[in-house]
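> quick one: sequence plus predicted model below, questions after.
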Amino acid sequence: LARSLNSLGSILSELGRQEEALTAATEAVEVFRRLAAADPTAHKPDLARSLNNLGNILSELGQQEEALTAATEAVEIRRRLAMADPATAEPDLARSLNNLGNRLAGLGRKDEALIAATEAVEIRRRLAAANPTAHEHSLARSLNNLGNILSELGRQEEALTAATEAVEVFRRLAAADPTAYEADLAHSLLVAAVFHLNNSATTDEALRMTSTAVTIFRGLAKHNPIAFMELLQNAEHIQAQLMSRPAKER
């Protein structure tokens, strides 16, 4: 029942029906909390998963303090689980740390957000070193997340380093499996382009990255306009802004 409620909450959230999603996600947490109280070994992982889901929905509704509370509890549970069984629980801990970093950043607590995001990258870097196929994708996403937080802290050079590494990982993944990873590559290219602009007076590299992202999104939107047309238009807008700059700035 609780797993079904979690799924229902996620689907309602994707449909923009956040209030209904919150009702389902809250009930899922309540059920898992009761189950975990009786049998922690069997149900603590599910409780943490449902808390992550609840936190995301609360954030979408603008209830940032409540979202942070849920995300913090999820990290606490998964940290204890990872101490007992790192191989099983560390990937989930990294996921919860990513969410926690986003919740903290949304509340302006950027130094704390950086700590959570950095730990998520460290965990996923270890995991990817041992099993690239399973974990490189998650590592690249955590690097983008870390870059965003570093940028908000004004540490633009470090932000660019993180974003550039994410692009390199997604390039490798997209070369092997374009269908699965081209969209992530295009998104990472746009993120890195912005950080290039923050670090340089010229826009050459930013324009090259943005143009590559436009090409990727154009191909994706041709086959799936509902999913990718808005992303294509955003990338084209950034490209047009860059191309309109005087030549000496490029």
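Now that the structure is in, tell me what you want to look at. Numbering: from 1, shown residues only.
> could you list the low-pLDDT ranges of the protein?
201, 246-250 (pLDDT under 70).
> quick one: the helices in it, in order.
With DSSP state H as the criterion, the chain has helices at 2-14, 18-38, 40-60, 64-84, 86-106, 110-130, 132-152, 156-176, 178-199, 204-223, 225-243.
> could you dump these to a markdown table with mean neighbour count?
C-betas here are computed from N, CA, C, even on glycine. Below are these laid out as a markdown table (neighbours: other Cβ atoms under 10 Å):
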| stretch | mean neighbour count |
| --- | --- |
| helix 2-14 | 17 |
| helix 18-38 | 18 |
| helix 40-60 | 21 |
| helix 64-84 | 19 |
| helix 86-106 | 22 |
| helix 110-130 | 19 |
| helix 132-152 | 21 |
| helix 156-176 | 19 |
| helix 178-199 | 21 |
| helix 204-223 | 19 |
| helix 225-243 | 16 |
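> contacts for stretch 95-105, please.
Contact partners of stretch 95-105, identified using Cβ atoms under 8 Å, 6 or more residues apart in numbering, comprise 48, 52, 55-56, 59, 64, 67-68, 71-72, 74-75, 78, 110, 112-114, 116-117, 119-120, 123, 138, 141-142, 145-146, 148-149, 152.
> wait, what's in contact with Asp111?
Asp111 touches Leu153, counting by Cβ under 8 Å, 6+ apart.
> actually, Leu153.
110-111, 114.
> closest to Leu231 out of those residues?
Leu231 lies nearest to Lys110 out of the contacts of Leu153, by Cβ to Cβ, at 26.4 Å.
> was I right about the closest one contacting Leu150?
No: counting by Cβ atoms under 8 Å, Lys110 sits too far from Leu150 to count as a contact (9.2 Å).
> from Leu22, how far off is the residue nearest to Arg171 when sequence neighbours are not counted?
Nearest residue to Arg171 in three dimensions, chain neighbours excluded: Leu185, at 6.2 Å (Cβ to Cβ, 6 or more residues apart in numbering). Look at Leu185 and Leu22: by Cβ to Cβ, to the nearest Å, they are 33 Å apart.
> then Met83?
Met83 is 31 Å from Leu22, by Cβ to Cβ.
> good, we can wrap up now.
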